[in-house]
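> the sequence and its predicted three-dimensional model are supplied below.
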Amino acid sequence: MRRHYGILAILAIAFSALTTTMAQNQQPCCRFRVVHNFRVCLPQGCQPQVTWTWNTLAAVWDLNNLPPIINTNSGTQTYSVPSNDNQSTQAVITVGNQTCASAFASAGFNISWIPGSPNCVQGAHYANGSACAFCRMHGANAGANSHITIACPSMTQGTVVWQPFLQDFVGGECSTQMYDPVIVRAIDPSGQPQNIELFSLRGRGFQWQGQDVDGDGWYDDARIRGNEPRKVGYVTLLKGRTDGAVSRLRLAWDDDGIITESEATGEFADIQLPQVGEPLPDEGVRVPATFELPFELPDGWSVESIEMGGGGVAGQDIPRTPGDVNGDGCVDDADLLAVLFAFGGEGGEADVNGDGIVDDADLLIVLFNFGAGC
Ligand SMILES: [Ca+2]
Ligand SMILES: [Ca+2]
Ligand SMILES: [Ca+2]
């Protein structure tokens, strides 16, 4: 009888370990959502050239059955004002009737004239991604980027009004990254292109939440919050000016939500940040909801366009297909040549099986997987 109790105890421990694992896997997803509102006034009479570029990627894989499935939807188009568009892609692996991995990515934008404000346009961007792996040995990755450029031949100065809204969810073994830049693409007096970054927001494991209190479609309040449950996270915000001045805000925290870095300089110096060693407050850290980004170029310079955008990635790193030496996702003669040229050498990318020498074993792996992922 005692032996049976022993077996029952082992089973009970095994079962509790199993259910714990299952509980942890109930949110095996990473997601991000980057949204922003913008407004900008253009030189009088300008009918701007608006170009929207989108990049979306959804990848899923079974480590026992590579290569990964990678679907993309990318492009660039020109639009008039008003316009809107959206694009997306997805990928799924199902086994029987169970979804084992899924990825979805989408991007969109809209732009319109502001009623009653001739020459001024307003609009919004978004980029969303979701990557979930529900079965062992499976993985997923989603990436989305949306950016719009606005060009007027006579533009030399102006102000971009910018309202970010970034949210992610970090589950299981995956991670996220989000970014949100505003760039003036300028031409200097010698004709060289110069990029002036007016705004750059990067981070992971956080929510930059805007709140529209009065319902007019524009945020009145904004806060930085951590994820629930707390995950390691950070936010870096740079605000640049055409005269070269840069203001910086940096906040980072650990898995317990304890601040590890806290810095606010320049125009952000008045923002009340929690200090290193303090907890990230549950109600969040109050930050500006709206950023005014003025630009004015020196004599002889011209503005080619204003570029605004944002995006992110979520999920796990996409595994390299065996034999894909150059990492372009496809095993072809370029990979074969790479191994042949490195034949007899030590290590490097051409050492496909990682045993320290490039030999016929590596060649066979490339040949065996020839055509995979192409
Ligand atoms: Ca509002
Ligand atoms: Ca390749
Ligand atoms: Ca080798």
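Yep, it's here. Numbering: from 1, shown residues only. Ligands and ions are numbered 1, 2, ... in the order given.

> my guess is residue 279 contacts residue 254. True?
No. Checked against Cβ atoms under 8 Å, the pair residue 279 and residue 254 is beyond contact range at 10.2 Å. Every residue, glycine included, has its C-beta placed from N, CA and C.

> would you mind listing what in the stretch 201-350 of the chain touches ligand 1?
212, 214, 216, 218, 220 (Cβ under 5 Å from the ion).

> which among the residues you listed end up buried?
residue 218 (16 or more other Cβ atoms under 10 Å).

> regarding residue 118, what is its secondary structure?
Following DSSP: H, G, I helix; E, B strand; the rest coil, we place residue 118 in the coil state.

> what stretches of the chain score poorly on pLDDT?
1-26 (pLDDT under 70).

> kindly export the longest strand along it (C-alpha atoms) in PDB.
Counting by DSSP state E, the longest strand found in the chain is strand 98-113. The C-alpha coordinates for strand 98-113 follow below in PDB (Å, rounded to 0.1, in the frame of the first residue of the first chain):
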ATOM      1  CA  GLN A  98      -5.600  22.700 -32.700                       C
ATOM      2  CA  THR A  99      -3.900  26.000 -33.600                       C
ATOM      3  CA  CYS A 100      -0.200  25.500 -32.700                       C
ATOM      4  CA  ALA A 101       1.100  28.800 -33.800                       C
ATOM      5  CA  SER A 102      -0.400  32.000 -35.200                       C
ATOM      6  CA  ALA A 103       0.800  35.400 -36.300                       C
ATOM      7  CA  PHE A 104      -1.000  38.400 -37.500                       C
ATOM      8  CA  ALA A 105       0.300  41.800 -38.500                       C
ATOM      9  CA  SER A 106      -1.500  44.900 -39.900                       C
ATOM     10  CA  ALA A 107      -0.800  48.500 -40.700                       C
ATOM     11  CA  GLY A 108      -3.000  51.400 -41.700                       C
ATOM     12  CA  PHE A 109      -3.300  55.200 -42.000                       C
ATOM     13  CA  ASN A 110      -5.700  58.000 -42.700                       C
ATOM     14  CA  ILE A 111      -5.200  61.600 -43.600                       C
ATOM     15  CA  SER A 112      -7.700  64.500 -44.200                       C
ATOM     16  CA  TRP A 113      -7.900  68.300 -44.200                       C
END
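
> and that strand, what does it pack against?
strand 49-62, strand 83-95, strand 120-133, strand 138-151 (3 or more Cβ pairs under 8 Å, 6 or more residues apart in numbering; DSSP states H and E).

> report the beta-bridge partner residues of residue 250.
residue 236, residue 263 (DSSP bridges).

> partners of the longest strand of the chain, with directions?
strand 83-95 (antiparallel), strand 120-133 (antiparallel).

> hang on, residue 149 packs against residue 303?
No. In this structure, residue 149 is not within contact of residue 303 by Cβ under 8 Å, at 10.7 Å.

> residues from the stretch 201-350 of the chain in reach of ligand 2?
So the stretch 201-350 of the chain meets ligand 2 at 324, 326, 328, 330, 335 (Cβ under 5 Å from the ion).

> got the strands paired with strand 98-113 as a markdown table, with mean neighbour count and distance to residue 286 columns?
Converted to a markdown table, those look like this (neighbours: other Cβ atoms under 10 Å; distance: least, Cβ to Cβ, whole Å):
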| stretch | mean neighbour count | distance to residue 286 |
| --- | --- | --- |
| strand 83-95 | 17 | 32 |
| strand 120-133 | 24 | 23 |
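
> ok, which of the ones you listed comes nearest residue 242?
For residue 242, the closest of these is strand 120-133, at 20.2 Å, according to Cβ to Cβ.

> hang on, the earlier thing: what angle sits between the longest strand of the chain and strand 49-62?
170 degrees (axes from the mean of the first three to the mean of the last three Cα atoms, to 10 degrees).

> buried residues in strand 98-113?
In strand 98-113, counting by 16+ other Cβ under 10 Å, buried: 99-111.

> and the residues you listed, which two are furthest apart?
Maximum distance among the buried residues of strand 98-113 (Cβ to Cβ): 39.4 Å, for 100 and 111.

> in three-state terms, label the residue most central in space within the chain for me.
With distances taken as Cα atoms, centre = their mean, the residue of the chain nearest its centroid is residue 312 (1.0 Å). State at residue 312, reduced to three classes by three-state DSSP: strand.

> pretty sure it sits against residue 146.
No. Judged on Cβ under 8 Å, residue 312 makes no contact with residue 146 at a distance of 10.4 Å.

> need the overlap of contacts for those two.
Any residue near both residue 312 and residue 146 by Cβ atoms under 8 Å, 6 or more residues apart in numbering counts here, and that gives residue 127.

> and the residue of the stretch 101-250 of the chain closest to ligand 2?
Per Cβ to the ion, residue 141 is where the stretch 101-250 of the chain lies closest to ligand 2, at 18.1 Å.

> contact partners for that residue?
Contacts for residue 141 (Cβ under 8 Å, 6+ apart) come out as 57, 58, 59, 60, 103, 131, 313, 314, 315, 316, 317, 318.
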